[in-house]
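> The amino acid sequence is not available; the structure is as follows:
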């Protein structure tokens, strides 16, 4: 078994598509009306139009992307005008990370194994 997709429902589809396309630096394609997909390695991140979507619980909704160089990603992302929640920091268990929230408030971590 393997994870094939993560679906994020949103009432702000155009804003989310732009955000994730810029944030990840990957193409985002509309598969059918109201469903856009970004292929991240073997996993598809799908942005799906929804109505009356409740806000995410920041304690339960977290996407984590492994990167080779957290500082380089941080610089690329801030260069796009996006605002991470702080500069990259080293964790005692051997990772460097920084976080950002998407337009709906979903938490996203970029992590680098040291």
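Good, I have the coordinates. Source: prediction; values computed, not measured.

> hey, where'd the strands end up in the protein?
Secondary structure of the chain by DSSP state E: the strands cover 5-10, 28-32, 35-40, 43-49, 62-66, 89-91, 95-101, 107-113.

> Stretch 90-107: which residues count as buried?
Across stretch 90-107, burial judged by 16 or more other C-beta atoms under 10 Å covers 96-102, 104, 106-107. Using the backbone N, CA and C atoms, a C-beta is placed for each residue, glycine as well.

> Show me what the nearest residue to residue 17 once chain neighbours are set aside bridges to in the sheet.
In space, residue 17 comes closest to residue 36 once its chain neighbours are excluded; the distance is 4.8 Å by C-beta to C-beta, 6 or more residues apart in numbering. Under DSSP bridges, the beta-bridge partners of residue 36 are residue 30, residue 47.

> Mean pLDDT and distance to residue 82 added to the strands of the chain, as TSV?
As requested, the strands of the chain are exported to TSV (pLDDT from 0 to 100; distance: least, C-beta to C-beta, whole Å):
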stretch	mean pLDDT	distance to residue 82
strand 5-10	94	17
strand 28-32	95	15
strand 35-40	96	16
strand 43-49	96	17
strand 62-66	93	14
strand 89-91	96	18
strand 95-101	96	6
strand 107-113	96	10
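
> could these be laid out in a markdown table, adding distance to residue 17?
Converted to a markdown table, the strands of the chain look like this (distance: least, C-beta to C-beta, whole Å):
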| stretch | distance to residue 17 |
| --- | --- |
| strand 5-10 | 9 |
| strand 28-32 | 5 |
| strand 35-40 | 5 |
| strand 43-49 | 6 |
| strand 62-66 | 15 |
| strand 89-91 | 29 |
| strand 95-101 | 16 |
| strand 107-113 | 15 |
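
> which residue sits farthest out from the middle of this protein?
Most distant residue from the mean C-alpha position of the chain: residue 92, 23.7 Å away (C-alpha atoms, centre = their mean).

> Could you report the separation of that residue from residue 12?
Distance, residue 92 to residue 12, using C-beta to C-beta, to the nearest Å: 37 Å.

> who's in contact with residue 7?
The contact partners of residue 7, by C-beta atoms under 8 Å, 6 or more residues apart in numbering, come to 46, 48.
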